[in-house]
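> when you get a sec, could you give me coordinates for this:
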Amino acid sequence: MFEAFESRRFAVEGAEVHARVGGQGAPLLLLHGHPQTHAMWHRVAPALAQRFRVVALDLRGYGDSSRPAPDAAHAGHSKRAMARDARAVMAQLGHERFAVCAHDRGARVAHRLALDHPAAVSRMLLLDIAPTLAMYEGTTEAFARAYWHWFMLIQPAPLPERLIEPDPVFYLRSVMGRRHAGLAAFDPAALAEYERCIARPGSAASICEDYRASASIDLDHDRADRAAGRRVEVPLRVLWAEHGAVGRCFDVLALWREAAREVSGCAVPCGHYIAEELPERLLEEIQAFLKE
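Numbering: from 1, shown residues only. Here you go, the predicted model:
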């Protein structure tokens, strides 16, 4: 995977971030979800690199990026900190303005990136999420059952860490394998990469801190934006899984239209892991959206 891409490390505020960089053309940042790494883009990144300079980032706490120490406010794993990382990496590569395609947790980072650094983002495509604040405020029994890990991981340390650390691969396979397509959706090499990285020391603590941040400091930032009337200003396209919980439990387009000024999107016929379950369709969507 990523044979034509360069592996790079970037010093950012409070962490060191790993990314794969390849291709020529307009800059395109790819941000992965939980509990994955940049490897989730392996079925689309080579084709994208024919038209774009692709930067596939490992979020702090994931992949081969560093695992910051937990802090009482969870600020080190906030989406604001992760958005600063992404902005810093792209600036170090010489890209002051760029497009973003992001999935799951990475899409939450992208949302924060567009709010905190509006001049840096040209267009944004988000995969299988609704805004974090809206999802917490609209949680139902059906959503809580489908996204059980959201509520397990935010429990105070060290309970969830101790549940994950004895067998992190079991945790990863449980989260990913329970979704629509099961583990058969993943290339064995990609799955092995996810398993290698979640077994790295500090991964369980970072995963929990990521989710604790989303249920605390990130919501504070989101509420402040809502109170101030701040919205995503750049063109936004959202895709959600026809066979996923987000589309079943939320009116995705309506919620994004409350959070952004120019929104389009639709459901696509797959489960949560769109880039791996339906890569050809995703490529078409990215290329068409970024051509506009």
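
> which stretches of the stretch 51-200 of the chain have low pLDDT?
Across the stretch 51-200 of the chain, nothing is flagged by pLDDT under 70.

> and the helices in it?
In the stretch 51-200 of the chain, the helices defined using DSSP state H, counting those that start in this stretch lie at 79-92, 105-116, 132-137, 141-146, 148-153, 159-164, 168-177, 188-198.

> what's the longest one packed up against?
If contacts are counted by 3 or more CB pairs under 8 Å, 6 or more residues apart in numbering; DSSP states H and E, helix 79-92 sits against strand 6-12, strand 15-22, strand 26-31, strand 52-57, helix 105-116, helix 217-228. No exception for glycine: its C-beta is placed from N, CA and C like everyone else's.

> do you know which of the ones you listed lies nearest residue 133?
helix 217-228 (4.0 Å; CB to CB).

> got the angle between the closest one and helix 105-116?
In terms of direction (axes from the mean of the first three to the mean of the last three CA atoms, to 10 degrees), helix 217-228 departs from helix 105-116 by 40 degrees.

> which strand or helix spans residue 240?
strand 236-241 (DSSP states H and E).

> now the helix or strand following that strand: mean pLDDT?
Counting by DSSP H and E, the next helix or strand C-terminal to strand 236-241 is helix 245-249. Confidence over helix 245-249 (mean pLDDT, whole number) is 98.

> now the residue nearest in space to the middle of the chain: how far from residue 184?
Central residue of the chain (CA atoms, centre = their mean): residue 106, 1.5 Å from the mean position. Distance of residue 106 to residue 184, given as CB to CB, to the nearest Å: 23 Å.

> just residue 75 next, same as before
Noted for residue 75: a distance of 38 Å to residue 184, by CB to CB.

> repeat for residue 58
Taking CB to CB, one finds residue 58 at 25 Å from residue 184.

> with residue 178 instead?
In terms of CB to CB, residue 178 sits 13 Å off from residue 184.
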